[in-house]
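In: predicted model, plus sequence, below.
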Amino acid sequence: MFVTRLLRRTSGAAVVLLLAGLVTLLPAGSATAAAGGDAAALAAANVGKTAGTCANAPTYNSLGGSQFETSCSGGYSGGPEYWCADFAEWVWQHSGFATNGLTAAAASFYTYGQNNGTLHTATSYRPQPGDAVEYGSIYDSEIHHVAIVTSVNGDGSVTTANGDWNGTTGTGSMAGFAVSSSVVSITIPAGQTAVGTEPSTVDPGDGYYIVGYTTPVASGSGNNPPPVAGGNPYSPNAVCGTGFGVIDSHALAGATVFLLYNSATGQNCVTTLVTNPAGPVPLNATLAVQGGSSGSNPGSFTYYAGPVTESAPSACVQWGGSYQGTSWTSGWSHCGGGAGAPGPVGSNIYTPAQVCGSGYGVIDSHDLGAATVYLLYDGSTGDNCVTTLAHSPSGPTPMNATLAVQGGSSGSNPGSFTYYAGPVTGYAPNACVQWGGSYQGTSWTSSWSHCGTGSPTPSPATGNPYSAGQVCGTGYTVIDSHSLGDATVYLLYDAADGNNCVVTLAADPSGPTPMNATLTVQGGSALANPGSFTYYAGPVTATAANTCVEWGGSYKGTSWTSGWSHCG
């Protein structure tokens, strides 16, 4: 499933929020944000800026450019687009971070984290300056917004910079919102920063909650973090050499272990740096390549242990270090190879990508306690793959992996296996899938989700087996949507014939409910489909290749109609 360009909920906040962190030197014992950099300062410097010279209040960004990435030119017919992800990508790119794979979709930041091993979804994770924070909505399964942390405050709150925020929703169009919004600073209150929380300051009307945090990866282009806080005169990049960029770190309370990568050569490098050097102390740096070589550098050193380098452009690594009596080693992580794949959990020697094969990248996962179910996708073939991997294999154990394509085939692989169940594959470039697995007595199955994007359609709402694209038919692409709380109204367009389509989908169908879908063509026909339906109202279709439309719908007692918008 390709990551689609983000659909903004027109009832509230910008689709993609980006929070850029102010760089601060952390005290000994604190974790550091990968590569530090100037992202926080750059994001904060653009608070108050608009989409660019195309905006109602034209501005230039702080570096003198007329827009943020394609904020003024990436939308329909080359016009303005929802630009919160554009803003975030622009900040990272101009701060020296890698931006490969990032697009105007908020979800691309989540996938970036998966691919680079820097996605944080644990509730215990505390955001760091420079992290991107991704937001979902309780009303559907999409990622709607992404932002960049500009500072982590002493009271536990987190301040963020949000592109494309506070636009005028009454315009009813993507361009209308984009040209009326700006970069806004929002502080997430203390106690509301954990993954899964709905911050009270982040557009509560849309039910936005934190899906995850993603740490940027250094590009290896020379924009590197400052030396370790304290009296150490060396930086990790000075130890590892030209071309290396920090991609992860771990604090040892008196020292920090750094993992670096050189994308030009495929080389990894590990070094452990003392925070306040006072003479030779026992130190070490370790690095192992999954299925390959390993190295370490134990000894008594004043400033650092290492560098330890290994080539791992297409494999997972296990890295760590020690300082006096404190040691730490990572799990298998930071797996190379373009198609993102997390390392195995525990003692499993396999990764999901190794099970499914070349070309597959992980796009979702679900924890079963003692095992994890992974969903992977191969964009070149349109194939999905599901596998369930045991965390700590100890012999044959009952497990399963399942995959069903909406309106198509289904498969599973039940049995007793030591390392994994699967792979189960299915072709679904333009359809939703339902995936899951089991381990011992624990099982789980997803709802219909990860809908293909040959004609981009969002995932069906929770509990609804239909997507907007399935209701309207082949050739239609979702171009706008509006939340009704317990339902969502979608506007779709078929560029081949100029037809528009409107459908209202219930979020959690429980029987026939009053609902409607409406579509009016300016100077032309007006259509509706009122009634009591279980899953959806519509489709309502009309040709409007060169005119504006007014679209809307209702569910129970809630109704909404756009202004004239989406003019052909």
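Out: Happy to help now that I have it.

In: sketch out the low-pLDDT regions of the stretch 401-550 of the chain for me.
Out: Counting by pLDDT under 70, the ranges of the stretch 401-550 of the chain that qualify are 452-463, 545.

In: now do the strands in the stretch 451-568 of the chain.
Out: Under the criterion DSSP state E, counting those that start in this stretch, the stretch 451-568 of the chain contains strands at 477-483, 487-494, 499-506, 513-521, 526-528, 531-533, 536-543, 549-555, 558-561.

In: mind checking those strands for the one nearest to residue 380?
Out: strand 477-483 (21.4 Å; Cβ to Cβ). Any C-beta I mention is one placed from the backbone N, CA and C, and that applies to glycine too.

In: elements contacting that closest one?
Out: Strand 477-483 is packed against helix 468-472, strand 487-494, strand 549-555, with contacts defined by 3 or more Cβ pairs under 8 Å, 6 or more residues apart in numbering; DSSP states H and E.

In: just to revisit the earlier point, got the strands of the stretch 451-568 of the chain as JSON lines, with mean neighbour count and distance to residue 292 columns?
Out: Formatted as JSON lines, the strands of the stretch 451-568 of the chain follow (neighbours: other Cβ atoms under 10 Å; distance: least, Cβ to Cβ, whole Å):
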{"stretch": "strand 477-483", "mean neighbour count": "22", "distance to residue 292": "44"}
{"stretch": "strand 487-494", "mean neighbour count": "26", "distance to residue 292": "48"}
{"stretch": "strand 499-506", "mean neighbour count": "27", "distance to residue 292": "49"}
{"stretch": "strand 513-521", "mean neighbour count": "22", "distance to residue 292": "57"}
{"stretch": "strand 526-528", "mean neighbour count": "15", "distance to residue 292": "63"}
{"stretch": "strand 531-533", "mean neighbour count": "14", "distance to residue 292": "58"}
{"stretch": "strand 536-543", "mean neighbour count": "22", "distance to residue 292": "52"}
{"stretch": "strand 549-555", "mean neighbour count": "24", "distance to residue 292": "56"}
{"stretch": "strand 558-561", "mean neighbour count": "15", "distance to residue 292": "57"}
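
In: for the residue nearest to residue 121 when sequence neighbours are not counted, grab phi and psi.
Out: The spatial neighbour of residue 121 that comes closest, neighbours along the chain excluded (Cβ to Cβ, 6 or more residues apart in numbering), is residue 212 at 4.5 Å. Main-chain dihedrals, residue 212, degrees, to the nearest 10: phi 180, psi 170.

In: burial count for residue 212?
Out: Residue 212: 23 surrounding residues under other Cβ atoms under 10 Å.

In: can you give me the end-to-end span of stretch 139-146?
Out: 17 Å (Cα to Cα, to the nearest Å).

In: sorry, wrong one. I was asking about stretch 278-295.
Out: Stretch 278-295 has an end-to-end distance of 26 Å (Cα to Cα).

In: what comes up buried for it?
Out: Buried residues in stretch 278-295, counted by 16 or more other Cβ atoms under 10 Å: 281, 283, 284, 285, 286, 287, 288, 289, 290.

In: centre of the chain to that stretch, how far?
Out: Computed by Cα atoms, centre = their mean, to the nearest Å, the chain-centroid distance of stretch 278-295 equals 32 Å.

In: could you do stretch 130-143 as well?
Out: 8 Å.

In: where do the strands sit along the stretch 101-250 of the chain?
Out: 119-120, 132-137, 143-152, 158-165, 182-188, 208-214, 245-251.

In: export these to a markdown table and tack on mean pLDDT and distance to residue 422?
Out: Listed next are those as a markdown table, based on pLDDT from 0 to 100; distance: least, Cβ to Cβ, whole Å:
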| stretch | mean pLDDT | distance to residue 422 |
| --- | --- | --- |
| strand 119-120 | 87 | 22 |
| strand 132-137 | 92 | 27 |
| strand 143-152 | 92 | 26 |
| strand 158-165 | 96 | 39 |
| strand 182-188 | 96 | 38 |
| strand 208-214 | 93 | 25 |
| strand 245-251 | 78 | 29 |
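
In: need these in a markdown table (columns: distance to residue 360).
Out: Below are the strands of the stretch 101-250 of the chain laid out as a markdown table (distance: least, Cβ to Cβ, whole Å):
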| stretch | distance to residue 360 |
| --- | --- |
| strand 119-120 | 17 |
| strand 132-137 | 22 |
| strand 143-152 | 21 |
| strand 158-165 | 32 |
| strand 182-188 | 35 |
| strand 208-214 | 21 |
| strand 245-251 | 22 |
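
In: quick one: closest of those strands to residue 316.
Out: The nearest among the strands of the stretch 101-250 of the chain, by Cβ to Cβ, is strand 245-251 at 12.7 Å.

In: list the buried residues of that closest one.
Out: So, applying 16+ other Cβ under 10 Å, buried residues of strand 245-251: 245, 246, 247, 248, 249, 250, 251.

In: what's the closest of these to residue 490?
Out: residue 247 (38.8 Å).

In: what's the separation between the closest one and residue 237?
Out: Distance of residue 247 to residue 237, given as Cβ to Cβ, to the nearest Å: 12 Å.

In: what do those two both touch?
Out: Shared contacts of residue 247 and residue 237 (Cβ atoms under 8 Å, 6 or more residues apart in numbering): residue 260.

In: returning to what we had before: tell me if I'm right that the residue nearest to residue 121 and residue 112 touch.
Out: No - assessed by Cβ atoms under 8 Å, residue 212 is found out of contact with residue 112, at 10.9 Å.

In: list residues touching both of these two?
Out: In contact with both residue 212 and residue 112: residue 119, using Cβ under 8 Å, 6+ apart.

In: quick one on the thing from earlier: secondary structure, pLDDT and distance to residue 55 for the buried residues of stretch 278-295 - can I get that in a markdown table?
Out: Below are the buried residues of stretch 278-295 laid out as a markdown table (DSSP: H, G, I helix; E, B strand; the rest coil; pLDDT from 0 to 100; distance: Cβ to Cβ, whole Å):
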| residue | secondary structure | pLDDT | distance to residue 55 |
| --- | --- | --- | --- |
| 281 | strand | 92 | 56 |
| 283 | strand | 94 | 53 |
| 284 | strand | 95 | 54 |
| 285 | strand | 95 | 49 |
| 286 | strand | 95 | 51 |
| 287 | strand | 92 | 48 |
| 288 | strand | 89 | 51 |
| 289 | strand | 82 | 49 |
| 290 | coil | 75 | 49 |
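
In: in a markdown table, list the residues you listed along with distance to residue 525.
Out: Output for these, formatted as a markdown table (distance: Cβ to Cβ, whole Å):
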| residue | distance to residue 525 |
| --- | --- |
| 281 | 80 |
| 283 | 76 |
| 284 | 75 |
| 285 | 71 |
| 286 | 70 |
| 287 | 67 |
| 288 | 67 |
| 289 | 64 |
| 290 | 61 |
